[in-house]
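1. could you look at this predicted model? Sequence included:
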Amino acid sequence: MEFKRIFKASAIATALILAGCGGDINITPTVNDNSSTTDNSVNNSNNTTTTPTTSDVTCASYESEAGTVEGTFDGIDCLYNDSFSSKNISITSNITFEELPDSGVHVFEDALQIGADGDTTTGFVIPASGPTMTVKPGAVLAFKSGEAIIRIARGAKIQAVGTAAKPITFTSAFAYDRFDDEGKGPLYADWGGIIINGNAVTDQCTDAERGAGNCNVPSEGITSYFGGNDNTDSSGNIKWAKIWYAGSGPKVGGEGDDLNSLTLNAVGSGSEFDYLHIHQGFDDGIEFFGGASTVKHVVVTDTQDDSFDFDAGYHGKMQYLFVKHGTVVTRDGTTVSMGNHGFESDGVKGTSTAEAPPSNPTIANVTIVTSDGLSVRDGDPSVAFKFDDEFNANLYNVLMVKTAATQTYCMTFSSDGEKQADKIMFNNSVMACNVEFDDADGTFNSGKEPASLTGTALSAWFDGTSNIRIGSTASVLAANGFATDTASADITISANDLSTLDAGFFDSVNYIGAVSDQDTSSNWYKWVETALAAAEQD
């Protein structure tokens, strides 16, 4: 797989480095008085004169009441044990993670919690300007357990902004031989994932609670709180980043209290998530609990549950989303299927009001390539869209692909999902699926659908005036298997150019799906190509 190919260190090199350190490595972070500097020079494994020292490498540090707390450099990596960060420590000052030389990584044993957290009904005051966790281009953060979670509190921020040439990586420590003593390799649920708690609107609070500043929704996975009344709030940005092998569970709340690769709890539109590759998550790729965060250029591969999961009144904007369900080989050698829903789309989790209406995102340029597998997560089928709980949405230029379906289908509704099905609007979209709908008679007749849809065929509802269903034998993808074949004779409709949408966010396009086969030199095309190549090797 990609990390082992790029970052693999031989046992000989590791032995030489450890020998240079005297055999034992002190991984306990230190509290410094800044009065002296220790030189722990070691020779590298290539018989050169390079001598890395602690003064050459900057491990992350932060200010606490006891002084400066910093990680420990072992000659290759920066190590952070539970004295540096844990579920019992909240870091309340700024902290920065630099790119380390010679393929070094920042390695964590436990949770990394940024910002003070609390319940405002007990006197806690959300900081107006909390600490920022900065991650520099090219930095790699690796985690050793399912308890190792990144949590960003309300008022704090994460600024993890890489570049096309130097993306940031959040991953399992077992992706590196030097931390993989058992030789088991990385796998979903190796670490906890990223949780960001914001001050935006979620229907899990009442209007009165929001008005009084007392919206405090407990986060899944780790004790912390989210929610407020500001859908423009910013919790920072994550751009040009990989989030691999994350998610774990069940946690404190038992079954269902599982962790996603990236959880956006009431995160506002002031935060941007752009150019992400999320791979092999235990639960969802990205789950949104309310808020209005903006998402662009995201690839999700081989995640067990949902690639994107909306809930609790999410009202954000999204463009360029590529999803692929596939298989992975587990540590016992078993090949298992990954992926339930491309989109699990829930409108309401708490109580919907005019102030916190059902989820209603605007989403454009999506490709979902499903499989005919049943997810190892729970045996559920690989599905492009599931609609539930009064979901609303406007979806443009969506391409759904399912070439075989003996036990799966492309779209399903719960009866509650039918309640506002007249407000789920596909525009200029294509369904190229072997089996299209999971429905006994193919009509809206649960008794919960709007009266205007009773007895209407699901196929007619989807078709509307601008969409088509063309079956699984249609040619819709280019030879590379991911870009839309813009010369396809089977795609007989034109793309929506998105000119009626917010030009400050949505790019004008001339193709259906996430990626165009005419766009091979773009950063987005290359990002998808690289992500899929890496996933195929895993």
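-> Yes, it's here. Numbers count the residues shown, from 1 in each chain.
2. spell out the residue ranges of the strands in the stretch 51-200 of the chain.
-> 61-64, 67-70, 72-73, 78-80, 90-91, 95-97, 106-108, 112-114, 132-135, 140-143, 149-152, 157-161, 168-172, 193-197 (DSSP state E, counting those that start in this stretch).
3. which one of those strands lies closest to residue 423?
-> strand 193-197 (28.0 Å; C-beta to C-beta). From N, CA and C alone the C-beta is placed, and that goes for glycine too.
4. run through the neighbouring helices and strands of the closest one.
-> strand 149-152, strand 236-244, strand 262-265 (3 or more C-beta pairs under 8 Å, 6 or more residues apart in numbering; DSSP states H and E).
5. which among the ones you listed is found nearest to residue 523?
-> Nearest of those (C-beta to C-beta): strand 236-244, 9.1 Å.
6. list the contacts of residue 245.
-> By C-beta atoms under 8 Å, 6 or more residues apart in numbering, residue 245 lies in contact with 171-172, 174-175, 186-191, 279-281.
7. as TSV, those residues with neighbour count, pLDDT and distance to residue 165 would be great.
-> As requested, these are exported to TSV (neighbours: other C-beta atoms under 10 Å; pLDDT from 0 to 100; distance: C-beta to C-beta, whole Å):
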residue	neighbour count	pLDDT	distance to residue 165
171	25	98	19
172	25	97	23
174	24	97	26
175	26	97	20
186	24	97	24
187	17	96	28
188	26	95	28
189	21	94	30
190	26	95	27
191	33	95	25
279	28	98	20
280	28	97	24
281	33	96	25
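8. just the ones of the residues you listed in helices?
-> Counting by DSSP state H, no part of the contacts of residue 245 is found in helices.
9. follow-up on the earlier one: mind giving me TSV with the helices and strands packed on strand 193-197 and columns for distance to residue 405, mean neighbour count and mean pLDDT?
-> Shown next, in TSV, are those (distance: least, C-beta to C-beta, whole Å; neighbours: other C-beta atoms under 10 Å; pLDDT from 0 to 100):
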stretch	distance to residue 405	mean neighbour count	mean pLDDT
strand 149-152	37	28	96
strand 236-244	29	23	98
strand 262-265	29	29	98
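10. ok, which of those strands comes nearest residue 511?
-> Distance to residue 511, taken as C-beta to C-beta, is lowest for strand 236-244 among these, at 23.4 Å.
11. which residues touch that closest one?
-> 3, 132-133, 137, 152, 156-164, 166-172, 175, 186, 193-194, 196, 261-262, 271-281.
12. can you tell me which of the strands of the stretch 51-200 of the chain is nearest to residue 297?
-> Of all the strands of the stretch 51-200 of the chain, it is strand 157-161 that lies closest to residue 297, at 13.4 Å by C-beta to C-beta.
13. now the closest one: buried residues?
-> 157-158, 160-161 (16 or more other C-beta atoms under 10 Å).
14. and what of stretch 517-528?
-> For stretch 517-528, using 16+ other C-beta under 10 Å, the buried residues are 517, 519, 524-525, 527-528.
15. any idea how far apart the tips of it sit?
-> In stretch 517-528, first residue to last residue: 12 Å (C-alpha to C-alpha, to the nearest Å).
16. which of the contacts of residue 245 sits closest to residue 227?
-> Residue 227 lies nearest to residue 281 out of those, by C-beta to C-beta, at 23.7 Å.
17. count of neighbours near residue 405?
-> 18 (other C-beta atoms under 10 Å).
18. where does it sit: helix, strand or coil?
-> Per DSSP: H, G, I helix; E, B strand; the rest coil, the local secondary structure of residue 405 is coil.
19. tell me where the stretch 301-450 of the chain has strands.
-> 308-311, 317-324, 327-329, 335-337, 341-346, 362-369, 383-388, 393-402, 411-413, 424-427, 430-433.
20. okay, buried residues for the fourth one please.
-> Translated: strand 335-337. In strand 335-337, counting by 16+ other C-beta under 10 Å, buried: 336-337.
21. now that strand: average pLDDT?
-> Strand 335-337 carries an average pLDDT of 96.
22. before we move on, what about the third one?
-> Over the span of strand 327-329, the pLDDT mean works out to 95.
23. that one: which residues count as buried?
-> Buried residues in strand 327-329 (16+ other C-beta under 10 Å): residue 328.
24. which secondary structure elements does that strand contact?
-> Here strand 327-329 touches strand 335-337, going by 3+ C-beta pairs under 8 Å, 6+ apart.
25. how far does the strand it packs on sit from its chain's centre?
-> Its chain's average C-alpha position is 21 Å from that of strand 335-337, according to C-alpha atoms, centre = their mean, to the nearest Å.
26. how about stretch 340-348?
-> Relative to its chain's centre, stretch 340-348 lies at 15 Å (C-alpha atoms, centre = their mean).
27. coming back round to it: pipe the helices and strands packed on strand 193-197 into JSON lines and attach distance to residue 402 per row.
-> Formatted as JSON lines, the helices and strands packed on strand 193-197 follow (distance: least, C-beta to C-beta, whole Å):
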{"stretch": "strand 149-152", "distance to residue 402": "34"}
{"stretch": "strand 236-244", "distance to residue 402": "26"}
{"stretch": "strand 262-265", "distance to residue 402": "26"}
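28. residue 335: which of those is closest?
-> Comparison of these against residue 335 by C-beta to C-beta identifies strand 236-244 as nearest, at 18.9 Å.
29. now for the buried residues of stretch 517-528, which pair is the farthest apart?
-> Using C-beta to C-beta, the buried residues of stretch 517-528 span at most 15.3 Å, a distance reached by 517 and 527.
30. which strand residues bridge residue 388?
-> Counting by DSSP bridges, residue 388 is bridged to residue 346.
31. how many neighbours does the residue nearest to residue 431 when sequence neighbours are not counted have?
-> Nearest non-adjacent residue to residue 431, counting by C-beta to C-beta, 6 or more residues apart in numbering: residue 469, 4.4 Å away. By other C-beta under 10 Å, 17 other residues sit near residue 469.
32. I'd say residue 469 and residue 436 touch.
-> Yes. With contact defined as C-beta atoms under 8 Å, residue 469 counts as touching residue 436 (6.1 Å).
33. shared neighbours, those two?
-> 459, 462.
34. quick check, residue 452 in a helix?
-> Yes. Counting by three-state DSSP, residue 452 falls inside a helix.
35. got a list of what the residue lying closest to it once chain neighbours are set aside touches?
-> Leaving aside its chain neighbours, residue 452 sits nearest to residue 422 (5.9 Å; criterion: C-beta to C-beta, 6+ apart). Residue 422 is in contact with 450, 452-453, counting by C-beta under 8 Å, 6+ apart.
36. of those - the most surrounded one?
-> residue 453 (18 neighbours).
37. for that residue, which non-adjacent residue is closest in space?
-> residue 444 (4.3 Å).
38. enumerate every residue touching that neighbour.
-> Counting by C-beta under 8 Å, 6+ apart, residue 444 has contacts 418, 421, 453-456, 458, 461.
39. mind running it again at 10 Å?
-> Residues near residue 444 by C-beta atoms under 10 Å, 6 or more residues apart in numbering: 413, 415, 418, 421-422, 450, 452-458, 460-461.
40. surely residue 273 meets residue 297?
-> Yes. If you go by C-beta atoms under 10 Å, residue 273 and residue 297 touch, sitting 9.0 Å apart.
41. now for those two: what residues contact both?
-> Common contacts of residue 273 and residue 297 (C-beta under 10 Å, 6+ apart): 239, 318.
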